[in-house]
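K.L.:
Quick check, what structure comes out for this input:
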Amino acid sequence: MGKGSAARKGVAAAGRDTRGTDARGISGGGLKGLSGGRAALAPELDRVIHERLRLAIVSALAVNDSLTFNELKAILKTSDGNLSVHARRLEDAGYVTCLKSFEGRIPHTEYRLTGAGRKALERYLDHMEALIQAARG
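P.N.:
Numbers count the residues shown, from 1 in each chain. Alright, predicted model coming up:
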């Protein structure tokens, strides 16, 4: 490989794009480097939702009025601790609400997507659609 194949594409050896994005076009520059620099197509990716498990949580809640902790854990096939940490991050961002109660002596935790969470998911999906369109040309 001669001087330049990776350099011409703006991708450094470590997988970082020399224009401020990583090789997937995600990070500091949104859509920089895709489709002739049409960076204004969509805003920066929402880092809260972009993480795989948090995106799965928000997506599951978008198609259900509410889900319990155990329902989410089963749907996502994850551990208690992993679900708890990611659900808390979404709750802190105001994207989900968490209602804790007891049924007898058994704790019952129910999650719902907030209006802000639904809007954030829609923005995220719009951004991803713009990335796809830009990548396809």
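
K.L.:
Show the average pLDDT along stretch 50-59.
P.N.:
The average pLDDT within stretch 50-59 is 97.

K.L.:
actually stretch 71-80, sorry about that
P.N.:
On average, the pLDDT along stretch 71-80 is 97.

K.L.:
what about it, how long is it end to end?
P.N.:
Its first and final residues considered, stretch 71-80 spans 11 Å by CA to CA, to the nearest Å.

K.L.:
got the buried residues for that stretch?
P.N.:
Residues of stretch 71-80 classed as buried under the neighbour-count rule (16 or more other CB atoms under 10 Å) are 72, 73, 76, 78. Heads up, the C-betas are built off the backbone N, CA and C, glycines and all.

K.L.:
Just give the closest residue to the second one, not the sequence neighbours.
P.N.:
This points to residue 73. Excluding its sequence neighbours, the residue lying closest to residue 73 (CB to CB, 6 or more residues apart in numbering) is residue 83, at 5.2 Å.
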